[in-house]
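**Q** need coordinates for the following:
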Amino acid sequence: MGTLSPAELLTAWERCLPLSPVGRALALLELAEPTLPAEAISALPIGTRERELLRLRVSVFGAEITGLVTCPACGETVELAADANELIAVAETAPGGTDLTLDRDGYHVCFRLPTSEDLIALAGTPPATDPERFLLGRCLRWAEHEGSPVAASELPDEIIELIGSAMNDHDPLADIQLACACPDCGQAWAAPLDVPAFLWAELTDFAMRLLQDIHVLASGYGWREADILALTPTRRRAYLDLVAG
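**A** Below is the predicted model of the structure:
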């Protein structure tokens, strides 16, 4: 993956502005996988999507991920840190697979991993919809119990839990949980990392700072946006310092 220019990042931010969270994830993924058609990108398992977005994040902003979370016990603000390359390595060691199977207590089930297409479909369901059952219904290839077909709604909770565990094993980045510990009260918990949302927040911050730089230099020198974007970050900063006097 090559390094993206400031102009390309600014264009990506502008394109993503009107999109839904899932739409933004897919649009950003097109930056990471420019050779893949849109339908192939939306059909990628969620964890595979997150892995490629993490690779994009590494190429643009680096591997170190930092943020702030709130301790659920005492309410203290705690700094969160993770390494994107380590998360990517976790995905690369997962067994993967397309159609997965489960045989337990007379139940024989075949299912696939959830994709962005499934999340888009889930977003269009009524508020009372059980998301776990809905996604299972979409991902279930077939299921039977002692030779008789079984619908997703008829599967017992124990089997659904086993299916969820198998999905996590084969697609671990679909639900990233980072270990946290509060230095004040000692509480330990797992904080979720929403990769598309985190990357979007970083891209938005980058775009707003870049637009501010463009505004200052265009006002000070009368330069066009394209000319300012063509400057290296070092030269752009030097000109900003000169304008600031």
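
**Q** for Val78, helix, strand, or coil?
**A** Of the three states, Val78 takes strand under DSSP: H, G, I helix; E, B strand; the rest coil.

**Q** I'd say it and Cys71 touch.
**A** Yes - between Val78 and Cys71 there is a contact under CB atoms under 8 Å: 5.5 Å. Quick note: C-beta positions are derived from backbone N, CA and C, even for glycine.

**Q** give me the common contacts of the two.
**A** 180, 182 (CB atoms under 8 Å, 6 or more residues apart in numbering).

**Q** how many other residues sit next to Ser59?
**A** 15 (other CB atoms under 10 Å).

**Q** figure out how far the top helix by length along the chain is from the centre of its chain.
**A** With secondary structure taken from DSSP state H, the chain has its longest helix at helix 195-221. In this view, helix 195-221 has its centroid 21 Å away from the chain centroid, taken as CA atoms, centre = their mean, to the nearest Å.

**Q** cool, and stretch 27-39?
**A** Per CA atoms, centre = their mean, the centroid offset for stretch 27-39 relative to its chain is 14 Å.

**Q** which other helices and strands does the host helix or strand of Asp227 contact?
**A** Per DSSP states H and E: Asp227 is located in helix 225-230. Here helix 225-230 touches helix 6-16, helix 195-221, going by 3 or more CB pairs under 8 Å, 6 or more residues apart in numbering; DSSP states H and E.

**Q** which of the residues in the longest one are buried?
**A** Going back to what we said before, that points to helix 195-221. 195-196, 198-200, 203, 206-207, 210, 213-214, 216-217 (16 or more other CB atoms under 10 Å).

**Q** please convert the residues you listed to TSV, extending it with distance to Arg224.
**A** Formatted as TSV, the buried residues of helix 195-221 follow (distance: CB to CB, whole Å):
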residue	distance to Arg224
Val195	35
Pro196	32
Phe198	32
Leu199	29
Trp200	28
Leu203	23
Phe206	20
Ala207	18
Leu210	15
Asp213	14
Ile214	9
Val216	14
Leu217	10
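
**Q** from these, which single one is nearest Ala123?
**A** Pro196 (13.5 Å; CB to CB).

**Q** show me what contacts the nearest residue to the closest one once chain neighbours are set aside?
**A** In space, and not counting its chain neighbours, Pro196 is closest to Ala25: 3.6 Å by CB to CB, 6 or more residues apart in numbering. The contact partners of Ala25, by CB under 8 Å, 6+ apart, come to 49, 53, 116, 195-196.

**Q** ok so Ala25 is a helix residue?
**A** Yes - secondary structure of Ala25 (three-state DSSP): part of a helix.

**Q** check what pLDDT it gets.
**A** If you check Ala25, the pLDDT there is 96.

**Q** offset the numbering so it begins at 19, please.
**A** OK, 19 is where the count begins now, so the last one is Ala43.

**Q** can you tell me how far the residue nearest to Pro201 when sequence neighbours are not counted is from Ala206?
**A** Distances taken as CB to CB, 6+ apart place Val96 nearest to Pro201, at 7.1 Å, with adjacent residues excluded. Val96 sits 11 Å away from Ala206, going by CB to CB, to the nearest Å.

**Q** overlap in contacts of these two?
**A** 198-200.

**Q** closest one of the residues you listed to Ala256?
**A** Using CB to CB, the shared contacts of Val96 and Ala206 come closest to Ala256 at Cys198, 40.1 Å.
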